[in-house]
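Engineer: Sequence and predicted structure, then a few things I'm wondering about:
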Amino acid sequence: MAPPNDPANSVLNVILSTSVEKCFDLSDRKFCVKGFPLLSDVPTNVTFSPFLSVSKSSDAPLPLLQRVQSLSHRGGFLGFTKDTPSDRIMNSLGRFTDRNFLSIFRFKTWWSTQWVGKSGSDLQMETQWVVLDVPEIKSYVIIIPVIEGGFRSALQPGENGHVMICAESGSTLITSSCFESIAYVHVSDNPFNLMKEAFSAVRVHLNTFKLLEEKNLPSLVDKFGWCTWDAFYLTVDPAGVWQGVKEFTDGGVAPRFIIIDDGWQSINRDDEDPNEDCKNLVLGGEQMTARLHRLDEGEKFRKYRGGSFLSSDAPSFNPQKPKILINKAIEFEHAVRDLNKAIKSGATDISGFELRIHKMKQELDEMFGKEESTKLSTGECGSCSCKADNHGMNAFTKDLKTKFKGLDDIWVWHALCGAWGGVRPGTTHLNTKVVPCNVSPGLKGTMPDLAVDEIVKAGLGLVHPNQAGDFYDSMHSHLAKSGITGVKVDVIHTLEYVSEEYGGRVELAKAYYNGLSKSLEKNFKGTGIISSMQQCNDFFFLGTKQIAMGRVGDDFWFQDPNGDPMGVYWLQGVHMIHCAYNSLWMGQIIQPDWDMFQSDHCCAKFHAGSRAICGGPVYLSDSLGGHDFDLIKKLVYSDGTIPKCQSFALPTRDCLFVNPLFDNKSLLKIWNFNKYGGVIGAFNCQGAGWDPTEQRISGHPECYKPVSGVVHVTDIEWEQCKEAAPMGEAEEFLVYLNQAEKLLLATCKSEPIEITIQPSSFELFNFVPIQKLGHVAKFAPVGLTNMFNSVGTIQELEYVMSGAEIGVKIKVKGGGNFLAYSSVSPKKFYLNGAEAEFEWVADGRLILNVPWIEEAGGVSDVVFLY
C-alpha cells in the first residue's frame with residue numbers, strides 16, 4: 001500500500017497529467033519553455049523528466065503536497081549520463097546568450113551573493129541557482145542544481161554561453177555516471193511565486209529538509225539583542241558581558257537576548273598542554289587551528305563564582321580594556337605581516353622585525369596580566385563553603401537573569417564541528433581524529449579566505465559521524481542545564497572538506513545534521529539556533545529539517561580587511577545586497593537574519609534603516625561604551641521588543657536583473673508588509689562588488705555618488721501575503737517618507753515617486769490604504785514617526801461607522817510622536833480613555849504625543865471621533 005502522501009499514486013496526478021499544458025520540451029538539442037527556446041546546443045546526453053515522473057513519497061504536509069502537485073506541470077528535472085563513473089563530473093546543460101539572468105553564487109566557502117549577466121558564460125563558479133528572464137512569454141525560469149543520491153551539484157560558467165553543471169560526491173569512493181534529476185527547472189509568470197513554487201517542489205522531491213512555513217521560529221525573532229563578537233573578539237569574559245548588558249539597560253534599551261560569541265569555549269592547539277586553554281587570544285584568526293579539549297565552558301567562565309556582580313562590593317571593570325587589547329593585537333598582527341613581507345622580498349636581516357614582534361607579544365601578555373578580581377577567578381571564597389553549582393556558566397547565567405529581569409535568552413556560539421579546528425583527539429570520550437582537508441576545485445574560483453587557509457593547514461578534528469548525536473547532546477545538555485537557551489552554529493561548511501572517508505559530503509552532512517537536529521529538539525525546544533557560515537545548497541537541502549533561522553549575509557565588517565579606507569562605507573552596501581537577494585531562496589527555508597551591526601559606526605543609520613524592515617531580529621555588536629542610544633531607540637522599544645514587519649524583506653521586481661552595487665544607476669529597493677500597510681526601503685548601495693578577475697570584493701569609487709530612482713505603490717507585491725492582498729486593492733494610499741518626514745497621496749495609477757539618494761543613505765516609504773469615513777473624512781494612520789518602521793507600531797486599527805458614531809480606534813505601541821492623515825480635523829480625541837489635545841494641519845497631518853505605558857506593555861489606546 002502506497003504512503004498517504006505519495007505523489008506517484010495520487011489521483012490528482014492522473015488528472016493533472018492529462019489536463020494541463022506541457023511547459024517544457026527537450027528536442028532537437030533545444031530546451032524550450034512554452035515553445036520558446038531557453039537553452040540551445042543541448043548535449044545529446046542531457047535528459048528532461050517531468051516532475052511527477054521522478055518524485056517519490058514525501059512527508060510534506062498534505063496542503064503543501066497538494067499545492068506542489070497542482071503546479072507540477074510547471075517543473076521537471078534535468079539529468080545526464082556519462083560513459084565513465086567519477087566522483088566529480090561536469091556536463092553542459094546547453095547554452096544561452098542575450099538573456100538577462102539573476103543568480104546566487106558562493107564567493108567563499110561559507111557565503112553567497114547576487115550576480116547578474118546575459119550569458120551562460122557570465123555565471124560564476126559555485127552558482128546555487130539562476131533565474132532567466134523570458135519576456136517572450138512574460139515569465140521567468142529557474143534552474144536549481146540539487147542533490148541526487150550521494151552527489152550535490154552547482155552551476156558553473158562554460159565557453160560560448162554554455163551552462164555547466166558539476167556533480168560531486170566529495171569522496172573518490174563514491175562514483176556515478178548517470179543522473180536523472182540533478183537539476184530542477186520551473187517556470188512562473190511571477191518571480192516571487194517562482195521561488196516559492198520551485199523550492200516547495202524541491203522540498204517534496206528530496207524530502208530531506210522543511211520549508212520555513214513548516215517550522216516554528218526562535219523566540220528572539222521579534223526582539224532586540226546584543227552579540228559580544230565585535231565588542232571583545234576572543235577576549236570575552238563574564239565581567240565584559242555583564243558590563244555590556246548593564247550599559248544597554250542603563251541606556252533605556254535592555255536587550256531581551258544576548259549571544260556570547262566565540263571565545264567562551266575550552267580550546268587549545270595540538271602543540272599545547274591538552275588540559276589547558278589557549279592563553280591571551282584576541283583577534284579572529286588566532287583560534288582557527290585550535291580545537292575543543294572539553295565540551296563545557298572555558299576557564300574564564302568556568303571560574304566564575306555566583307553572586308560576584310550582585311554583591312555591594314562587586315569587582316570593578318575597566319570598559320576600555322577590550323579595546324586596548326584589540327588595538328595592541330592589531331599592532332602585533334601588522335608587525336607579523338611586515339615580517340612576512342620582508343621574508344618574501346628576500347630580506348637577509350630580519351632581526352629587527354623579530355625583536356619588534358617579541359616586544360609586542362610581551363606587552364600584550366602583560367596587558368592581560370592577572371585577573372582583576374580573585375572573586376571571579378578562584379573556586380573558593382574563604383569562610384563559606386561554596387558548592388560546585390555556584391560556579392561556572394550556570395552561576396553566571398543565573399546572576400544575569402537575576403539582575404536583568406527582561407533578559408529572556410542567553411545563547412552561545414560554537415562551530416558545527418565544535419571549534420574552528422574541531423575536537424582534539426584523546427581529550428573527550430568521543431572517537432575523534434584529525435582529518436586532512438580537501439577543498440573542492442569549484443571553490444578555487446572563490447575569494448581567498450584566511451579561515452579556509454588555517455583550517456586546511458591544521459586539518460579538522462572530526463568526531464566520527466556515528467557519534468554526531470552524542471557529540472551535540474554532550475555539549476548542548478550541559479549548556480541547557482547551565483541556563484543557555486540556544487546556540488549560534490557557525491563554520492558550517494567545513495564538513496565538505498573532510499568527507500573522503502565518510503561516504504561523501506551528502507552522507508556525512510546527513511549524519512551531522514541529524515545529530516544536531518535531535519539535540520536541538522531535546523535541549524533547546526527545537527528552535528534555539530541561528531545557522532551561520534552555511535550559505536550552500538548542501539546545508540539548505542540536508543540540514544534544515546529543524547533549523548528555522550539563519551544568516552543571509554556575510555559578516556558585518558566595520559572596516560575593509562583588505563585595507564581600502566573607503567571600505568568602511570561601501571562594504572555596508574555589499575552586506576545589504578547579500579541579505580536582500582539571498583532572502584529570495586533562503587527565506588523559503590529559514591527566517592532570514594540580517595546579522596548584527598554597531599550603532600556607533602559611521603554607516604550605522606544606513607544599517608538601521610534596513611534592519612527596521614528586514615522582518616527579523618535586531619541585534620547589535622557594540623563595543624563597551626560605543627552606543628548611539630538615539631539611533632537604537634528608532635529601532636527598539638524600551639522593553640526590548642521591536643516593531644517587526646510581518647514577513648521578510650525582498651528586492652522589488654525592477655531590481656532583480658540589475659546590479660545595485662556598481663552599475664552607477666540602480667538603487668536597491670526592498671519591500672515588506674506591516675499589519676496595516678506596506679513599506680519600501682530604497683538604499684544607495686553603489687560603490688563596490690564582486691570582481692571575477694581578482695576574485696574578491698573590490699571598490700568602485702566612481703559609483704559612490706548620489707543615485708536617482710523611482711518608487712511606486714505597485715513595487716510592493718501585495719498578493720504575496722493573504723492578509724496584505726486586500727490592502728493592495730485600495731483606491732488611494734497615504735505615502736509617508738520616514739527620512740524626509742513627508743506626506744503624499746497616491747493611487748495605483750499615480751506617477752512614480754522620484755527620489756535621489758546620497759551614497760550610503762536611504763529612504764523608507766510607508767504605504768497605508770486611506771479609508772473613507774462615510775462622507776465625512778478620509779483617514780490613514782502612520783504610527784510613531786520617531787521609529788524607523790512607523791506603521792509597524794500600529795497594533796490594532798478599527799474604523800467605526802455605525803449609526804451616528806464615526807471614528808477611528810487605534811492601539812499603538814511605543815512612546816513618541818504619533819502621526820496620521822485626516823482630510824478634516826476630528827471633533828474629539830481620546831488618549832487612553834481621557835480626552836486630550838491634538839494638532840491638525842491643513843495638509844492633513846494629525847499630530848499628537850503618546851506616552852509609554854509600562855503597565856500596558858507600552859500600548860496606548862488612541863480614539864478619534866468625527
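Structural biologist: Cool, the structure landed.
Engineer: List the residues that contact Gly158.
Structural biologist: Gly158 makes contact with Ser92, Arg95, Gly120, Ser121, Met164 under the criterion C-beta atoms under 8 Å, 6 or more residues apart in numbering. Heads up, the C-betas are built off the backbone N, CA and C, glycines and all.
Engineer: Helix or strand for the closest residue to it other than its chain neighbours, just tell me which one.
Structural biologist: Sequence neighbours aside, Met164 is the residue nearest to Gly158 in space, at 4.3 Å (criterion: C-beta to C-beta, 6 or more residues apart in numbering). With the criterion set as DSSP states H and E, the secondary-structure element containing Met164 is strand 162-168.
Engineer: what element comes up after that strand heading to the C-terminus?
Structural biologist: The C-terminal neighbour of strand 162-168 among helices and strands, as given by DSSP H and E, is strand 176-188.
Engineer: So which elements touch that next one?
Structural biologist: Counting contacts by 3 or more C-beta pairs under 8 Å, 6 or more residues apart in numbering; DSSP states H and E, strand 176-188 is packed against strand 46-50, strand 75-86, strand 88-95, strand 139-145, strand 147-148, strand 151-157, strand 162-168, helix 191-206.
Engineer: one more time with 6 Å
Structural biologist: Packed against strand 176-188, as judged by 3 or more C-beta pairs under 6 Å, 6 or more residues apart in numbering; DSSP states H and E, are the following elements: strand 75-86, strand 139-145, strand 147-148, helix 191-206.
Engineer: Now do the contacts for Ala682.
Structural biologist: With contacts taken as C-beta atoms under 6 Å, 6 or more residues apart in numbering, Ala682 has the following neighbours: Leu667, Lys669, Val711, Ile755, Glu763.
Engineer: now it, what's its secondary structure?
Structural biologist: Classification of Ala682 by DSSP: H, G, I helix; E, B strand; the rest coil places it in strand.
Engineer: What residues are bridge-paired with it?
Structural biologist: For Ala682, the beta-bridge assignment (DSSP bridges) gives partners Lys669, Glu763.
Engineer: which parts of the helix ranked longest in the chain are buried?
Structural biologist: Ranked by residue count, the top helix of the chain under DSSP state H comes out as helix 321-344. Judged by neighbour count using 16 or more other C-beta atoms under 10 Å, the buried positions of helix 321-344 are Lys321, Pro322, Lys323, Leu325, Ile326, Lys328, Ala329, Phe332, Ala335, Leu339, Ala342.
Engineer: Repeat that for stretch 802-816.
Structural biologist: Within stretch 802-816, the residues that qualify as buried by neighbour count (16+ other C-beta under 10 Å) are Ile806, Gly807, Val808, Ile810, Val812, Lys813, Gly814, Gly815, Gly816.
Engineer: does the first one sit in a helix, a strand or a coil?
Structural biologist: Right, the one you point to is Ile806. At Ile806 the chain is in strand, as set by three-state DSSP.
Engineer: swap in the fourth one?
Structural biologist: In the three-state summary, Ile810 is assigned as strand, counting by three-state DSSP.
Engineer: mind checking which helix or strand the closest residue to it other than its chain neighbours is in?
Structural biologist: Nearest in space to Ile810, with sequence neighbours left out and distances taken as C-beta to C-beta, 6+ apart, is Val862 at 4.3 Å. Applying DSSP H and E as the criterion places Val862 in strand 859-865.
Engineer: List the contacts of the strand holding Met164.
Structural biologist: The set of residues external to strand 162-168 that reach it, using C-beta under 6 Å, 6+ apart, is 88-93, 95, 120, 145, 151, 153-156, 158, 182-183, 442.
Engineer: Counting neighbours, what do you get for the residue nearest to Ile810?
Structural biologist: A count of neighbours around Val862, defined by other C-beta atoms under 10 Å, yields 22.
Engineer: that older thread, name the helices or strands packed onto the strand holding Val862?
Structural biologist: strand 805-813, strand 828-831.
Engineer: Reformat the ones you listed as TSV; add mean pLDDT and distance to Glu719.
Structural biologist: Supplementary listing: the helices and strands packed on strand 859-865 in TSV, determined by pLDDT from 0 to 100; distance: least, C-beta to C-beta, whole Å:
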stretch	mean pLDDT	distance to Glu719
strand 805-813	96	26
strand 828-831	96	36
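Engineer: Turn these into CSV, columns for distance to Trp852.
Structural biologist: Compiled in CSV, those are given as follows (distance: least, C-beta to C-beta, whole Å):
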stretch, distance to Trp852
strand 805-813, 9
strand 828-831, 13
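Engineer: Tell me which of the ones you listed lies nearest to Asp554.
Structural biologist: Of all those, strand 805-813 sits nearest to Asp554, with 32.7 Å by C-beta to C-beta.
Engineer: partners of the closest one in the sheet?
Structural biologist: Checking strand 805-813 against DSSP bridges gives partners strand 794-802 (antiparallel), strand 859-865 (antiparallel).
Engineer: The helix or strand following it relative to strand 794-802, how many degrees between them?
Structural biologist: The C-terminal neighbour of strand 805-813 among helices and strands, as given by DSSP H and E, is strand 816-822. For strand 816-822 and strand 794-802, the angle between their directions (axes from the mean of the first three to the mean of the last three C-alpha atoms, to 10 degrees) works out to 40 degrees.
Engineer: Return the closest of the contacts of Ala682 with respect to Leu71.
Structural biologist: Nearest to Leu71, judged by C-beta to C-beta, of the contacts of Ala682 is Lys669 at 27.9 Å.
Engineer: What is the neighbour count of that closest one?
Structural biologist: 26.
Engineer: same check, this time on Phe864
Structural biologist: A total of 26 residues lie near Phe864 under the criterion other C-beta under 10 Å.
Engineer: quick one: strands adjacent to the strand holding Met164?
Structural biologist: Sheet partners assigned to strand 162-168 using DSSP bridges are listed as strand 88-95 (antiparallel), strand 151-157 (antiparallel).
Engineer: Helices of the stretch 1-150 of the chain, residue ranges please.
Structural biologist: In the stretch 1-150 of the chain, helices defined by DSSP state H, counting those that start in this stretch lie at 11-19, 51-54, 62-70, listed in chain order.
Engineer: any idea which helix or strand comes after the helix or strand containing Leu462?
Structural biologist: Taking DSSP H and E as the definition, Leu462 sits inside strand 460-463. Downstream of strand 460-463, the next assigned helix or strand under DSSP H and E is helix 468-481.
Engineer: outside of that following helix, which residues touch it?
Structural biologist: Against helix 468-481 from outside (C-beta under 6 Å, 6+ apart): Leu295, Asp296, Leu430, Val463, Ala511, Tyr512, Gly515, Leu516, Lys518, Ser519, Asn523.
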